[in-house]
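S.K.: Sequence first, then the predicted structure, then my questions.
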Amino acid sequence: ADETTANDTLSLAAETAVLIDAASGEILYDKDADKKMYPASITKLMTILLALENGKLTDEITFSHDAVYNIEPGSAHIAILEGETLTLEQVLRAIILRSANEASNGVAEYVDGSVEAFAKHMTERAKELGCTNTNFVNANGLFDENHYTTAHDMALIARELLKHEEYRSMMSETDYKIPPTNLQTETRYLHGQHQMLNPNSIYYYKDAIGGKTGYTVEAGNTLVTYAERDGLTLIAVVMKCNGAEHYTDTAALFDYGFANYASVKIAAVSDYTSTVPVTETYNKKAVALGKVTIAPSEDVYYTLPKGTDASAVTVKTDIPEGVEGAVKKGQTLGTLQLSYNGKTQTVDLIAQNAVDALTDTQKAELDKSSLSGMVKRFSFLFSASPDSSATEAISAESSCADKDPAEEEITEDKQKADIRRNKFYGVCFLFLFFIIPKAQGFFPESHEYRRYRCRNSSFSRPAPSLWKVGAAFPFHSACSRRNAQSAHREINPQGMCRRL
């Protein structure tokens, strides 16, 4: 953002504030946005985020004694009873609309077992989102000097929460009712507190679509609000306000943002859709699994100062030529880098279809095919001719044609020579690549366990099944005789004749 123009245009009462583009996270305006502040109940946006990331709306939460009673007297609640069971959706509605503190404690215990563990989880998740000056010690935002954040950090948390469709479906509603439960016989009627969402309020803002209020004596009024107009979604955060200043400041931020910025379409999904092969390495070979289509999840937009053409944005693609291993639908496989005025926005390119890994059955088929190929290669070595089908064709042609007997005899002699040559090559192949490399370790082991030993014998010969092969290597047989004599003296000093 052009900070000089923004600061000249806006005069905010809030001690700190920030306005960001929800799509890119780009800061459009800030006022001490990285200053450490007490958040009060806008903390609960992180509580809601972790609940949605770790549970389902239909899950049930039974409230413990600590969850119900470990809140400040007079603080916001909906009178949940110890042992009462509510669904996660009902609990989240109570947090969004009534800022119920015991409901936040219940979520903490539901997700991590205790408020302390949940608070650590909150802080860790904040760091993952890029928050740089945030530390949470509880799930509801009640004052603690070690419980703090910044306007910009809260905007990052709010931006992440907006990605959850479950939250988007709830955040705009201003009324909800919880039917009787296992311990409560009456229906609870919940009404929202965010006045910019209330059509009957003087602070109503027609483009506002959701948000969260907060207040403690130490924090003052804090407020996070979402607004959307003409495809542009903005997030405003104001902290440490008095009276209704949090509403007027937020309205001023949105007015500034919508007046000076627009969401410009850079490309359609089809412009950056590509198909790449998917392979899996099995037995040191690349096996084709199929193809995957990679594309943005939706048309690509970039928030630009009004009047700026889309051509001002440069687009750099990072798309793989191929993918190794199974692919899940929705998996990120590439990116688009959108750059404007020294700032960069990344758009994920995701898999539009799934590609499964090799199954055990497919692997068995590949093993079988590999073995079959090896057998065929050996069969070729011992085949009657280099091309048996060609030989058969020659034979058939010879039987049908009138040829000189001398020529037929020459052809027959040639075929026999081919058979002898191929058999010879096959035997040479076996000796060169299988028998000789194995012989050095094979024969001593055979003599160790399979030989005849006789009293006062000068040599011990190999087992009959190996003798013929041993005879082909007289140098090896000589070594075997010496080894056998030594073993005979050491293992069988009595010289008793026996077969092992």
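M.R.: Arrived safely. Numbering: from 1, shown residues only.
S.K.: Every contact and neighbour count from this point should use C-alpha atoms.
M.R.: Will do.
S.K.: For stretch 128-143, buried residues please.
M.R.: Under the neighbour-count criterion of 16 or more other Cα atoms under 10 Å, stretch 128-143 has C131, N133, T134, N135, F136, V137, N138, A139, N140, G141, L142, F143 buried.
S.K.: got CSV for the residues you listed, with pLDDT too?
M.R.: Below are the buried residues of stretch 128-143 laid out as CSV (pLDDT from 0 to 100):
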residue, pLDDT
C131, 96
N133, 96
T134, 98
N135, 98
F136, 98
V137, 97
N138, 97
A139, 97
N140, 96
G141, 96
L142, 94
F143, 95
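S.K.: For V292, see how far away the residue nearest in space to the middle of the chain is.
M.R.: Here the mean C-alpha position of the chain is nearest to the C-alpha of Q331 (Cα atoms, centre = their mean), at a distance of 6.3 Å. Separation of Q331 from V292 (Cα to Cα, to the nearest Å): 11 Å.
S.K.: ok, now which ones touch the residue nearest to the centre of the chain?
M.R.: The contact partners of Q331, taken as Cα atoms under 8 Å, 6 or more residues apart in numbering, are I350, A351.
S.K.: Now the host helix or strand of A51 - C-alpha only, CSV.
M.R.: Here A51 sits within helix 44-54, counting by DSSP states H and E. Extracted C-alpha coordinates of helix 44-54, given in CSV (Å, rounded to 0.1, in the frame of the first residue of the first chain):
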residue,chain,number,x,y,z
LYS,A,44,-11.2,-17.1,20.0
LEU,A,45,-10.6,-17.0,16.3
MET,A,46,-7.6,-19.2,16.9
THR,A,47,-9.7,-21.4,19.2
ILE,A,48,-12.2,-21.8,16.4
LEU,A,49,-9.5,-22.5,13.8
LEU,A,50,-8.0,-25.4,15.8
ALA,A,51,-11.4,-26.8,16.5
LEU,A,52,-12.2,-27.0,12.8
GLU,A,53,-8.7,-28.4,11.9
ASN,A,54,-9.0,-31.1,14.5
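S.K.: Following element in sequence after it, please.
M.R.: Following helix 44-54 in sequence, per DSSP H and E, is strand 60-62.
S.K.: where are the low-confidence patches of the stretch 301-450 of the chain?
M.R.: 370-411, 425, 429-450 (pLDDT under 70).
S.K.: Remind me what the helix holding A51 packs against, helices and strands.
M.R.: Using 3 or more Cα pairs under 8 Å, 6 or more residues apart in numbering; DSSP states H and E, the elements in contact with helix 44-54 are helix 101-112, helix 115-128, helix 151-161.
S.K.: list the residues that contact both of Q331 and V292?
M.R.: A351.
S.K.: Check the spacing between the nearest residue to K127 once chain neighbours are set aside and E124 real quick.
M.R.: In this structure, K127 finds its nearest non-sequential neighbour in T134, 7.8 Å apart by Cα to Cα, 6 or more residues apart in numbering. Per Cα to Cα, T134 is found 9 Å from E124.
S.K.: Ok, Y340 next?
M.R.: 31 Å.
S.K.: Repeat that for G55.
M.R.: G55 is 18 Å from E124, by Cα to Cα.
S.K.: what's the answer for K284, then?
M.R.: 41 Å.
S.K.: Neighbour count for these two, which is higher?
M.R.: E124 (15 against 7; other Cα atoms under 10 Å).
S.K.: And the pLDDT for the more buried one?
M.R.: Looking at E124, its pLDDT stands at 97.
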